[in-house]
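A.B. asks: I'll drop the sequence and a predicted model, then ask my questions.
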Amino acid sequence: MSANRRPLISGNWKMNHNHLEAIQTVQKLAYAIEKDDYEAVDVSVHPPFTDLRSVQTVLQADQIPISLGAQNAHEAERGAFTGEVSAPMLAKLNVAYVIVGHSERRELFGESDADVNVKARAVLAAGMTPIVCVGETLDGRSTGHAEARITEQLTGSLAGLKADAVGDLVIAYEPIWAIGTGETATPVDAQQMCAHVRARIDAMFGAAAAASVRIQYGGSVKPGNAPELMAQPDIDGALVGGASLDANEFARIVKYRLYQV
C-alpha cells in the first residue's frame, strides 16, 4: 500500500440487518474503533436501503467519523422505475460511497459493463464516489483469462470517464470464486491482480490517475488475513462482506495495522 493513498475499509452488509440491528452494529462499531484508527484509515459501511436513514442519523448525532455507503444505485435521477433508488436520493442522505458492479449484481441480476458505466456516471454526477467492482470467475482464472477479463471490465465500466475522475475513484478487485466461499486469494495473487488493475488504469488514463486511484481487495477478508493483504503495495483497502456484519470482527480488520509484522 502506498503512503500516498489513504486506505479505505468498507463493510458491505448486503441483504442483512434490519434498521434496529443496523443501529446497534454502528454503535458497537463506534466503541470498537478508536481515534488513532480513524486518523489512519477511512471507514465506510454499506447497509441495505431500508437502513440508510437510521444509520445516517446515528452517525451524525454521535459525530462518528464513519462514511455512509450504499450498495447500488439506479442510473436515472427519477422516473417510473419501481423498486429502484436514484443517486441523488442517496446523496440527500449524505451517502459518500456507492458500490457499483458488485459481482452479485453482475452474476445474479445480469448487469453488464455498460450498466456499471452509466451507474458510475450517475454516482459521480450526484457528488459521490463509486466503488467500481471487477473480478473473474473460477473458470476464468483456471483457464488463464483472469487478466483479460479484468481488462474488459475496466474498459467497459470506465468508458468515457475523465482521468481526474478515475483518479478519485475506488476500484474493488473481487475474485468471484473467493466471495462467501471461505476461499481467499493469497496475498501474492491479490497483489498481482491489483497491480494489473493499476497498470490498466495507467494505460487507459495516465500515470497520475493510476497513482491516486484506490484499489480495494474483496473476497473473504477476515481479521486473520487483512494485515498481510493490506501490506501489499497495490492494495489500498478492503471491501468486506460477511465479517463486516459483526462490529468486533470488522473493527479488527480496520485495526489491521496493529497486527502487521
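C.D. replies: Done, it's in.

A.B. asks: got the buried residues for the lengthiest helix in the chain?
C.D. replies: Taking DSSP state H as the criterion, the chain has its longest helix at helix 187-205. Across helix 187-205, burial judged by 16 or more other Cβ atoms under 10 Å covers 187, 189-191, 193-198, 200-201, 204-205. In this view, the C-beta of every residue, glycine as well, is placed from N, C-alpha and C.

A.B. asks: Would you reformat those as TSV and include pLDDT and distance to residue 40?
C.D. replies: Converted to TSV, the buried residues of helix 187-205 look like this (pLDDT from 0 to 100; distance: Cβ to Cβ, whole Å):
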residue	pLDDT	distance to residue 40
187	93	20
189	92	26
190	94	21
191	96	21
193	95	25
194	97	20
195	97	23
196	97	27
197	98	23
198	98	22
200	98	28
201	98	24
204	98	30
205	98	28
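
A.B. asks: from these, which single one is nearest residue 259?
C.D. replies: Closest approach to residue 259 among the buried residues of helix 187-205 (Cβ to Cβ): residue 187, at 13.7 Å.

A.B. asks: which one is that closest one nearest to, not counting chain neighbours?
C.D. replies: residue 228 (4.7 Å; Cβ to Cβ, 6 or more residues apart in numbering).

A.B. asks: what helices or strands is the host helix or strand of the one you found leaning on?
C.D. replies: If you go by DSSP states H and E, residue 228 is part of helix 226-230. Where contact means 3 or more Cβ pairs under 8 Å, 6 or more residues apart in numbering; DSSP states H and E, helix 226-230 is packed against helix 187-205, strand 237-240.

A.B. asks: Please tabulate the ones you listed in JSON lines, including the columns distance to residue 133.
C.D. replies: What follows is those, written out as JSON lines (distance: least, Cβ to Cβ, whole Å):
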{"stretch": "helix 187-205", "distance to residue 133": "11"}
{"stretch": "strand 237-240", "distance to residue 133": "7"}
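
A.B. asks: Any idea which of the ones you listed gets closest to residue 107?
C.D. replies: That would be strand 237-240 among the helices and strands packed on helix 226-230, by Cβ to Cβ, at 15.7 Å.

A.B. asks: State the mean pLDDT of the helix holding residue 228.
C.D. replies: Mean pLDDT, computed over helix 226-230, is 96.

A.B. asks: Can you show me the CA trace of it as PDB?
C.D. replies: Listed next in PDB are the C-alpha coordinates belonging to helix 226-230 (Å, rounded to 0.1, in the frame of the first residue of the first chain):
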ATOM      1  CA  ALA A 226      -6.300  -8.500   6.500                       C
ATOM      2  CA  PRO A 227      -2.800  -7.500   7.700                       C
ATOM      3  CA  GLU A 228      -0.900  -9.400   5.000                       C
ATOM      4  CA  LEU A 229      -3.300  -8.300   2.300                       C
ATOM      5  CA  MET A 230      -3.000  -4.700   3.300                       C
END
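
A.B. asks: buried residues in that helix?
C.D. replies: 226, 227, 228, 229, 230.

A.B. asks: Give me the contact list for stretch 20-33.
C.D. replies: Stretch 20-33 is contacted from outside by 13, 17, 43, 45, 47-48, 51, 54-55, 58-59, 62, 64, 66, 245, 247-248, 250-251, 254-255, using Cβ atoms under 8 Å, 6 or more residues apart in numbering.
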